[in-house]
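> The following block contains a protein sequence and its predicted model.
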Amino acid sequence: MMRRIDRYIIGEILAPFLAALAFLFTLLFAMQMLKGIEVMFGSGVRPFDLARVAGYLAPHFLAMATPVSFLFAVMLAIGRLSEDRETTALAASGISPWSLWVAPVALALVIAAIGIGLGFGPEPRGLSSVRLHVNELIKRNMAGDVKPGVFYDTLKDITLYAQGVLPDSREFRNVLIADERDPEASMLVLARGGLVNPRGGGSMLELLLTNGEIHRASGPGQDYAVVTFQDGALDLQVDEMLRKNRFGLPKEELTPGELQQAAAEARAEGNHREARIFEVARRKRVAAPLASVVFALCAVPLALGRRQRSRGLGAVATLLAYIGYYVLGRAGDVLGEAGRLPPMLAAHLPNLVFLVVGVLLVRRILKAEG
């Protein structure tokens with residue numbers, strides 16, 4: 001009998017949970033695409049690139065959306081049971097109120113285990129991969145945006161001009177490059193032809209030039225040199241654009257083992273604040289997924305206490321609870337990084353607070369039922 005009840009409650013939770021998870025995942029992905037709209041909808045991006053970015057970001061977005069989706073699903077499912085008087089019928093049948101917590105908490109533990117697994121490998125690896133892929137897309141977009149006239153005016157201290165561009169090609173003719181990155185030794189490059197190669201290493205964009213000459217002045221009153229060349233290559237730094245369109249944070253791209261190593265290295269260098277930042281981030285790989293468990297403890301009594309009120313209150317309670325959890329999480333980060341709380345306690349601060357609130361709510365419901 002109890003197993004059938006548990007399966008029934010799990011079925012009631014799973015449907016809204018999956019629906020909410022799909023909605024939040026889509027919303028997060030759309031927001032990320034809008035954040036990087038200049039990159040993701042550039043001339044060098046293909047549909048397959050969007051699919052790859054979505055795949056790389058999937059573990060991170062799932063980890064972000066799962067706890068709040070589960071909280072909403074439990075509030076909705078248990079609230080419906082309460083509103084339809086099914087909980088009253090269960091109590092009349094001699095079934096303990098504790099039975100309503102078994103299925104949500106068991107499901108929350110499974111979801112938390114999956115979240116921890118994502119945080120120990122797929123999530124940081126996915127964020128690292130998306131950063132590298134987006135960097136290549138930025139350079140590919142720049143390579144595909146070659147137009148007659150001043151086609152790269154966003155690169156710091158560099159102006160590139162092309163008189164003409166071959167149709168359906170990144171090749172251009174009669175190019176002029178004014179390089180003023182070094183004020184003491186400005187450089188002017190003239191070439192008959194050129195080609196942008198986006199496959200330069202790291203934050204480099206390679207410009208291949210043919211049949212040209214380099215004019216270089218070392219400073220006022222200094223010698224003026226002219227060098228001719230048949231084939232040449234000029235590396236352009238695009239790290240400013242890469243930073244502008246960065247996806248994710250560096251510490252989120254590290255596995256727990258790498259975070260521990262980074263913390264040890266920072267501590268050895270005497271940078272204790274940075275070491276604490278890495279330590280808090282490492283502890284949160286376990287603490288954040290456990291939010292589903294404490295949410296289950298709080299959601300069941302909140303839903304039972306709703307009775308015949310509007311179901312919209314469940315959505316409001318979900319939003320307020322998640323905002324409270326987020327605020328506590330940020331407070332824990334600040335206190336942990338400042339050294340006012342141990343990293344373990346700082347990472348689990350919102351879980352501990354919600355655990356206490358959940359226990360108090362459970363006691364109140366059990367007292368009312370008794």
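Done, it's in.
> Any figure for the gap between the residue lying closest to residue 106 once chain neighbours are set aside and residue 99?
Computed as CB to CB, 6 or more residues apart in numbering, the closest residue to residue 106 that is not its neighbour in sequence is residue 6, at 7.4 Å. Using the backbone N, CA and C atoms, a C-beta is placed for each residue, glycine as well. Distance of residue 6 to residue 99, given as CB to CB, to the nearest Å: 8 Å.
> and the helix or strand hosting residue 29, what's its mean pLDDT?
Element membership for residue 29 (DSSP states H and E) is helix 2-35. Mean pLDDT, helix 2-35: 84.
> counting contacts, what elements does that helix pack onto?
Applying 3 or more CB pairs under 8 Å, 6 or more residues apart in numbering; DSSP states H and E, one finds that helix 2-35 contacts helix 47-83, helix 99-119.
> tell me the angle of the longest one relative to helix 2-35?
This points to helix 47-83. 140 degrees (axes from the mean of the first three to the mean of the last three CA atoms, to 10 degrees).
> what does the shortest one give?
Interaxial angle, helix 99-119 versus helix 2-35 (the same axes, to 10 degrees): 40 degrees.
> neighbouring contacts of helix 99-119?
Residues outside helix 99-119 that contact it (CB atoms under 8 Å, 6 or more residues apart in numbering): 2, 5-7, 9-10, 13-14, 59, 62-63, 66-67, 70, 74, 78, 81, 87, 90, 256, 285-286, 288-293, 295-297, 299-300, 304, 362.
> Identify each buried residue in stretch 250-263, please.
With burial defined by 16 or more other CB atoms under 10 Å, the residues of stretch 250-263 counted as buried are 251-256, 259, 262-263.
> can you give me the helices for the stretch 201-350 of the chain?
In the stretch 201-350 of the chain, the helices defined using DSSP state H, counting those that start in this stretch lie at 239-244, 256-268, 272-287, 291-304, 312-337, 343-369.
> From the chain's centroid, how far away is the last one?
Chain-centre distance of helix 343-369: 28 Å, with CA atoms, centre = their mean, to the nearest Å.
> Which neighbouring elements make contact with it?
helix 272-287, helix 291-304, helix 312-337.
> out of those helices, nearest to residue 355?
The closest of these to residue 355 is helix 291-304. By CB to CB, the value is 5.1 Å.
> Residue 331: which of the helices and strands packed on helix 2-35 is closest?
Once the helices and strands packed on helix 2-35 are compared by CB to CB, helix 47-83 is nearest, at 17.4 Å.
> can you redo the helices of the stretch 201-350 of the chain as TSV with mean pLDDT and distance to residue 119?
Output for the helices of the stretch 201-350 of the chain, formatted as TSV (pLDDT from 0 to 100; distance: least, CB to CB, whole Å):
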stretch	mean pLDDT	distance to residue 119
helix 239-244	52	25
helix 256-268	89	7
helix 272-287	91	4
helix 291-304	85	12
helix 312-337	83	14
helix 343-369	84	12
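> just those helices: most buried one?
helix 291-304 (a mean of 25; mean count of other CB atoms under 10 Å).
> Which elements pack onto that one?
Using 3+ CB pairs under 8 Å, 6+ apart: helix 291-304 touches helix 47-83, helix 99-119, helix 312-337, helix 343-369.
> quick one, that helix and helix 47-83 angle?
Going by the same axes, to 10 degrees, helix 291-304 makes 40 degrees with helix 47-83.
> Alpha carbons of helix 291-304, as PDB, please.
Included here for helix 291-304 are C-alpha records, laid out as PDB according to Å, rounded to 0.1, in the frame of the first residue of the first chain:
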ATOM      1  CA  ALA A 291      19.100  22.300  -2.100                       C
ATOM      2  CA  SER A 292      16.600  19.900  -3.500                       C
ATOM      3  CA  VAL A 293      16.500  17.900  -0.300                       C
ATOM      4  CA  VAL A 294      16.000  20.900   2.000                       C
ATOM      5  CA  PHE A 295      13.400  22.300  -0.400                       C
ATOM      6  CA  ALA A 296      11.500  19.000  -0.100                       C
ATOM      7  CA  LEU A 297      11.400  19.300   3.700                       C
ATOM      8  CA  CYS A 298      10.100  22.900   3.400                       C
ATOM      9  CA  ALA A 299       7.700  22.500   0.500                       C
ATOM     10  CA  VAL A 300       5.600  19.600   1.900                       C
ATOM     11  CA  PRO A 301       4.400  21.500   5.000                       C
ATOM     12  CA  LEU A 302       4.000  24.700   3.100                       C
ATOM     13  CA  ALA A 303       1.800  22.900   0.500                       C
ATOM     14  CA  LEU A 304      -0.200  21.100   3.200                       C
END
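> Show which residues not belonging to that helix make contact with it.
66-67, 70-71, 74-79, 81-82, 87, 100-101, 104-105, 107-109, 111-112, 115, 314, 317, 321, 325, 350-351, 354-355, 357-359, 361-362, 364-365.
> thinking again about what came up before, would a markdown table of the helices and strands packed on helix 343-369 with distance to residue 207 be doable?
As requested, these are exported to a markdown table (distance: least, CB to CB, whole Å):
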| stretch | distance to residue 207 |
| --- | --- |
| helix 272-287 | 37 |
| helix 291-304 | 49 |
| helix 312-337 | 42 |
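> The ones you listed: which one's closest to residue 20?
Residue 20 sits nearest to helix 312-337 of all the helices and strands packed on helix 343-369, at 9.1 Å, using CB to CB.
> next one: that closest one to chain centre, how far?
Using CA atoms, centre = their mean, the offset of helix 312-337 from its chain centre is 18 Å.
> Stretch 252-266 now?
Distance, centroid of stretch 252-266 to centroid of chain: 18 Å (CA atoms, centre = their mean).
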